[in-house]
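Engineer: Any chance you could fold what I've pasted below:
(chains A and B)
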Amino acid sequence: DAKTTQPNSMESNEEEPVHLPCNHSTISGTDYIHWYRQLPSQGPEYVIHGLTSNVNNRMASLAIAEDRKSSTLILHRATLRDAAVYYCILRDGTQGGSEKLVFGKGTKLTVNP
Amino acid sequence: GAVVSQHPSWVICKSGTSVKIECRSLDFQATTMFWYRQFPKQSLMLMATSNEGSKATYEQGVEKDKFLINHASLTLSTLTVTSAHPEDSSFYICSARSSGGAWNEQFFGPGTRLTVL
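Structural biologist: As a prediction, this is how the structure comes out:
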């Protein structure tokens, strides 16, 4: 599985935007970029995913670099409930490919009131 | 989004006993479920992939005779930790992929915290 690199931790202030970076320089052409987050003592929660184009949903936006070697998860207005560990994961999109999600260490986001 | 439940949410057991953890997809059918383990302050580690009606596929280093997985229906997978020892104490999390939905999205359960005394 192609690896991702994320900062161990980041801090943000409430109601400010947060940009969480992820490097994936060995990404293959069929890898989708997924983001999940895990609140304390809970299971992970799907946030967003994309392949090449930027993506928006009700939770966040995903900006993907043109060469796809990096991406950024954007929380437009952080709230205290967004404090979590955010995982950037690559997953093979080939038909019949592995469905496994391999979690790295993620970025622990702290949101200050 | 779809809901995945786990039961129990926490369990304390004596060393040497077996513990069964259930993972259910409540409003969708899941042909594939995954079991993860997470130690304190660490990331999730995939233990095995469970396919309905067939044997589970275990990750390297995971003892299949110790962690028994059964996926007998499209809405239920169970993980049994046999002869549990204190080092098996961990947070066990399952996830499920809808058989009829987008393959991109997996839904995770809330986790089961196992403490072995």
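
Engineer: SS state for the residue of chain A found nearest chain B?
Structural biologist: At 3.5 Å from chain B, A:Gly43 is the closest residue in chain A, using Cβ to the nearest Cβ. (Each C-beta comes from the backbone N, C-alpha and C, glycine too.) Following DSSP: H, G, I helix; E, B strand; the rest coil, we place A:Gly43 in the coil state.

Engineer: quick one: it and B:Ser95 touch, right?
Structural biologist: Yes. In this structure, A:Gly43 is within contact of B:Ser95 by Cβ atoms under 8 Å, at 7.3 Å.

Engineer: Which one of those two is surrounded by more residues?
Structural biologist: Using other Cβ atoms under 10 Å in any protein chain shown as the criterion, A:Gly43 and B:Ser95 rank with B:Ser95 on top: 26 against 23.

Engineer: Look at B:Lys41 and report its pLDDT.
Structural biologist: As predicted, B:Lys41 sits at a pLDDT of 89.

Engineer: Check the gap between it and chain A for me.
Structural biologist: Noted for B:Lys41: a distance of 10 Å to chain A, by Cβ to the nearest Cβ, to the nearest Å.

Engineer: Up against chain A, what does chain B have?
Structural biologist: Chain B has residues B:1, B:4, B:6, B:32, B:34, B:36, B:43-46, B:49, B:91, B:93-95, B:97, B:103-111, B:113 near chain A, with proximity defined as Cβ under 8 Å from any Cβ of the partner chain.
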